[in-house]
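> No letters, just coordinates:
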């Protein structure tokens, strides 16, 4: 039996508020890597500001490339994206 879902589609299936847990975890992991090894952030306030900026950069990138996301939908920036069903 064949499925039209890729490995990444299956990783993105678990969701909270219709947003992929995998996407959030990998994005925040990327922010942590950059904050730790490139920006060398040390204080909590810098980390908080960096995470907020990182999310804003992600929103802008998705709007510019016209990729609909659930966060963009919740913010009123795009229509609700179609969900891929992996059965």
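Nice, thanks for sending it over. Bear in mind the structure is a predicted one, so any value in this text is a computation, not a measurement.

> what sits up against the helix or strand bottoming out on mean pLDDT in the chain?
Taking mean pLDDT, DSSP states H and E as the measure, the helices and strands of the chain show their lowest mean at helix 7-11, namely a mean of 91. For helix 7-11, the external contacting residues (CB atoms under 8 Å, 6 or more residues apart in numbering) are 22, 84, 86. Where C-beta positions appear, they are placed from N, C-alpha and C, glycine not excepted.

> at 10 Å instead, please
Defining contact as CB atoms under 10 Å, 6 or more residues apart in numbering, one finds that helix 7-11 is touched by 3, 20, 21, 22, 23, 25, 26, 84, 85, 86.

> Return the backbone torsion pair for the second one.
As for residue 20, its main-chain torsions (degrees, to the nearest 10) stand at phi -70, psi 130.

> pLDDT value on it, please?
The score at residue 20 is 95. That number is its pLDDT.

> Tell me what it is bridged to.
Taking DSSP bridges, one finds residue 15 as the beta-bridge partners of residue 20.

> can you pull the contacts of it?
8, 9, 11, 12, 13, 14, 26, 27, 69, 70.

> mind checking how far the nearest residue in space to residue 39 that is not next to it in sequence is from residue 18?
Sequence neighbours aside, residue 50 is the residue nearest to residue 39 in space, at 6.8 Å (criterion: CB to CB, 6 or more residues apart in numbering). Distance of residue 50 to residue 18, given as CB to CB, to the nearest Å: 26 Å.

> Check residue 68 too.
Separation of residue 68 from residue 18 (CB to CB): 12 Å.

> what's the answer for residue 7, then?
Residue 7 is 21 Å from residue 18, by CB to CB.

> Comparing those two, which residue is more hemmed in?
Set residue 7 next to residue 18 and count neighbours by other CB atoms under 10 Å: residue 18 wins out with 12 against 7.

> Correct me if wrong: that one contacts residue 70.
Yes. The pair formed by residue 18 and residue 70 meets the contact definition of CB atoms under 10 Å, at 4.8 Å.
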